[in-house]
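**Student:** Structure for the following, please:
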Amino acid sequence: MSERISIKADVCNGRPVVRGTRITVQTVLEFLAAGDSIEEVLAEYPRLTRADVQACLNYASRVMGNHFSVVQAA
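**Tutor:** Presented below is the predicted three-dimensional model:
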């Protein structure tokens, strides 16, 4: 989906991460959702670049663009 996002079964249990790190897309999104700015995320994770954070947002947007159905389990 993105050259900056990687999914490997042996890295973070197969969760999407920023390529070359163990920083999950979810972690980046949670910081942003909590109100942190991109600059604050970059300060917390100096290995990340602004393009990495943007790739996380793009990845999440594409995933959410898929059709989902919610069904009640028994």
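
**Student:** The spatially most central residue of the chain and residue 69, how far apart?
**Tutor:** Per C-alpha atoms, centre = their mean, the C-alpha nearest to the average position across the chain is that of residue 25, at 1.6 Å. Separation of residue 25 from residue 69 (C-beta to C-beta, to the nearest Å): 23 Å. Every residue, glycine included, has its C-beta placed from N, CA and C.

**Student:** what's the longest helix in the chain?
**Tutor:** Longest helix of the chain, by residue count under DSSP state H: helix 50-64.

**Student:** which residue ranges form the strands in this structure?
**Tutor:** Applying DSSP state E to the chain gives strands spanning 5-6, 17-18.

**Student:** Rebuild those strands as JSON lines, extending it with mean neighbour count, distance to residue 57 and mean pLDDT.
**Tutor:** Shown next, in JSON lines, are the strands of the chain (neighbours: other C-beta atoms under 10 Å; distance: least, C-beta to C-beta, whole Å; pLDDT from 0 to 100):
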{"stretch": "strand 5-6", "mean neighbour count": "18", "distance to residue 57": "11", "mean pLDDT": "96"}
{"stretch": "strand 17-18", "mean neighbour count": "24", "distance to residue 57": "12", "mean pLDDT": "97"}
